[in-house]
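Student: sequence below, structure please.
(chains A and B)
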Amino acid sequence: MLGSYRAELLKLRKRGAVWVLFAAGLVLSLIFGYLLPYLGYATGEENQQTSGIPRSEVLRGLLPERVMDNTIGGYPVFAGALALVLGAIVVGGEYTWGTLKTILSQRPGRGTVLVGQLLGLLTMIALWVVGMFAACALCSIGIAAVENGSMNWPGPLDLLTGFAGGWLVLSVWCLAGAVLAVAFRNVALPIGLGVVWILGVEALFAGVVTSLLPDLEFLADAMPGANAGALVFAVTGMTATDAPPGVRDAVSGDRALWTLLAYAAVFVVLALVTTRRRDIA
Amino acid sequence: MTKTVEPLVRVTGLTKRYGDTLAVDGVDLMVRPGEVYGFLGPNGAGKTTTLRILTGLISPTSGTVRVLGGSPGQAQVLARTGSMIESPAFYPYLSGLDNLRLLAEYAGVARAKIDEVLELVDLADRAKDRFSTYSLGMKQRLGVAAALLKDPELVILDEPTNGLDPAGMRDMRRLIRELGSGGRTVLLSSHLLGEVQQICDRVGIISAGRMVAEHDVEELRNEQELVIRARPLESAHSVLRRVLGGDAVRLYDDTLRATVGPNRAAEVNRLLVEAGIAVSELRSTERALEDVFFELTTEEKAHAG
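Tutor: Numbering: from 1, shown residues only, chains lettered A, B, ... in the order given. Below is the predicted model of the structure:
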């Protein structure tokens, strides 16, 4: 198992696409978390960016005390989509390149290979979270220094909860990409289906349920995206007014946590069962 | 007392069906320790499917398969088997060296072994280049290096000379012969008759999913036949078929070939002359594996049809 995990880390570390995806997530976080709000703050009270929100509140959102909000606020949707792409390209690539048969003809069993692969992905997701936090923290420090803002940081427990929540949200989307890649033995189709689901279908479904079919709200509240948003909402303590797209209190934090853990378990089991039973062409 | 040598690979009644398609149909195959076994057949005959089953990549529909005393795909079997199935598949963004490094991690092999196999396949100079920049011959050699990482007792190579230029083919065949002479057992699939004739000790011939023959290569090569040039050729064909049997005489463009030894040349000559047929050439020759192959696969297709 350790050998499979180390091999996976080597593959991930040296694969350019992994770092391109990370960079895309980082840039999106910084643009929507810091650059645009700061421009809004800097260009005045009447700017559309800050309409209805006092400038002091906008600035407060950019200071170190809100660093975790800015780090993981985009995880349920945008960074989640990138994590899904990561899972799909890493697992699906083994099928499209035919490397799975090369690996399996060495010694490890199929379960060992897949578990090593998933552990490698979850490790990479943890690095993403830490990397994005570091970048957001630097931006917060810079803005606080320039604007003479406070340097208060969230408590260690809040930081830890934020890291764990963000990591779980990205991990679930990454595992979703991985299980789709196993199902379709491919890269493009899982990415297409997964991204359409994250960016469109869930929001559309939630909208239809809210306006036309309120009896089906329980279904909308069981979706992975709704629970990802609810978990981020719970661990950051955002308010409904300053929450980014996809982050809302659809369900309680505890329920969101257990639902996401259940999704993660289902995705792992599905991927394992499928990989162990199928013919590798 | 004769000691019975347990075969490294024993396949009995192996069948693989994909929906309505029967890819492998009741194949029996046996590979003995230390031999280079050629698995010969035209494209689509079922060679790769059989080899995938032997390496545990796919499951058989029916039949029994024993590899190194265990079942295909078992960890202890894979630890003693090196294989390259179909085209060599590696991570294009990694160097050859890194590809082998990670395979060594999967296999639990010491890194020192990597340098050894790179030297063996003559790839040490380009080991740090990306796999995507390799020529087809270099990719094939890296595939063989990966197969040898575990210092395996059994090496399974699926069409290892596919797509290589003549020099690459020559080098690959030399490497396989060295593996065979080094005490390893090699199971090699190929659709190239000359290749099998040059490299292998024994050959199994598969056609349309069915094993049609399994022989020592020398035994097949040493089989003698008579080449006859005569006029009218059709009459000569009829006369010899009547006397030697239909299966023993084959008609080619302008010659007949009779599967009989040189000791019957005088008899054949007398029969033809007495029938009023002019014999212009009568000579004994060794049968090529190619002839055997085409005979057997043509017969098999006729049976299947």
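
Student: so which bits of the stretch 51-200 of chain A are right by chain B?
Tutor: Residues of the stretch 51-200 of chain A lying close to chain B by CB under 8 Å from any CB of the partner chain are A:97-99, A:101-109, A:113. (Each C-beta comes from the backbone N, C-alpha and C, glycine too.)

Student: could you rerun that using 7 Å?
Tutor: A:W97, A:G98, A:T99, A:K101, A:T102, A:I103, A:L104, A:S105, A:Q106, A:R107, A:P108, A:G109 (CB under 7 Å from any CB of the partner chain).

Student: thinking the fifth one is in contact with B:Y91, fair?
Tutor: No. Using CB atoms under 7 Å, A:T102 is not in contact with B:Y91, being 9.0 Å away.

Student: these two: which is more packed in?
Tutor: A:T102 (24 against 21; other CB atoms under 10 Å in any protein chain shown).

Student: hang on, the earlier thing: among the residues of the stretch 51-200 of chain A next to chain B, name the ones in strands.
Tutor: When those are checked against strands (DSSP state E), there are no matches.

Student: most neighbours out of the residues you listed, which is it?
Tutor: The most crowded member of those, judged by other CB under 10 Å, is A:Q106 (28 neighbours).

Student: thinking again about what came up before, looking at the residues of the stretch 51-200 of chain A next to chain B, which gets the smallest pLDDT?
Tutor: Least confident by pLDDT among these: that is A:R107, with 79.

Student: sorry, back to before: show me the residues of the stretch 51-200 of chain A next to chain B that map onto helices.
Tutor: Counted as lying in helices by DSSP state H, out of those, are A:T99, A:K101, A:T102, A:I103, A:L104.

Student: which residues of the chain score low on pLDDT?
Tutor: Let's take chain A. By pLDDT under 70, the low-scoring segments of chain A are A:44-52.

Student: not quite, go with chain B.
Tutor: For chain B, the stretches with pLDDT under 70 are B:1-4, B:221-223, B:286-290, B:298-305.

Student: near chain A, which residues of chain B show up?
Tutor: So chain B meets chain A at B:55, B:57-59, B:75, B:78-79, B:83, B:85, B:89-94, B:98, B:101-103, B:105-108, B:146 (CB under 7 Å from any CB).

Student: what segments of the stretch 1-150 of chain B are strands?
Tutor: Remark: strands assigned in the stretch 1-150 of chain B by DSSP state E, counting those that start in this stretch are B:9-18, B:21-31, B:36-40, B:62-67, B:81-84.

Student: so what does the fourth one touch, helix or strand wise?
Tutor: On a contact count with 3 or more CB pairs under 7 Å, 6 or more residues apart in numbering or on different chains; DSSP states H and E, strand B:62-67 meets strand B:9-18, helix B:47-54.

Student: save those as a markdown table, and put in mean neighbour count too.
Tutor: Output for the helices and strands packed on strand B:62-67, formatted as a markdown table (neighbours: other CB atoms under 10 Å in any protein chain shown):
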| stretch | mean neighbour count |
| --- | --- |
| strand B:9-18 | 18 |
| helix B:47-54 | 25 |
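
Student: could I get those as a markdown table with distance to B:S132?
Tutor: Output for the helices and strands packed on strand B:62-67, formatted as a markdown table (distance: least, CB to CB, whole Å):
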| stretch | distance to B:S132 |
| --- | --- |
| strand B:9-18 | 31 |
| helix B:47-54 | 24 |
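
Student: nearest spatial neighbour of the residue of chain A at minimum distance from chain B, chain-adjacent residues omitted?
Tutor: Chain A approaches chain B most closely through A:G98 (3.4 Å), counting by CB to the nearest CB. Using CB to CB, 6 or more residues apart in numbering or on different chains and skipping the chain neighbours, the partner closest in space to A:G98 is B:A89 (3.4 Å).

Student: distance check, B:V155 against chain A.
Tutor: Counting by CB to the nearest CB, to the nearest Å, the gap from B:V155 to chain A is 11 Å.

Student: residues in contact with that residue?
Tutor: B:G82, B:A147, B:L179, B:R184, B:V186 (CB atoms under 7 Å, 6 or more residues apart in numbering or on different chains).

Student: for the second one, give me its contacts.
Tutor: In this case it means B:A147. If you count contacts by CB under 7 Å, 6+ apart, B:A147 has them with B:G82, B:S83, B:M84, B:V155, B:L157.

Student: can you pick the most crowded of the residues you listed?
Tutor: B:G82 (29 neighbours).

Student: for it, name its beta-bridge partners.
Tutor: B:V155 (DSSP bridges).

Student: residue in the stretch 151-300 of chain B nearest to chain A?
Tutor: B:I156 (8.4 Å).

Student: is it true that that residue touches B:T185?
Tutor: No. If you go by CB under 7 Å, B:I156 and B:T185 don't touch, sitting 9.4 Å apart.
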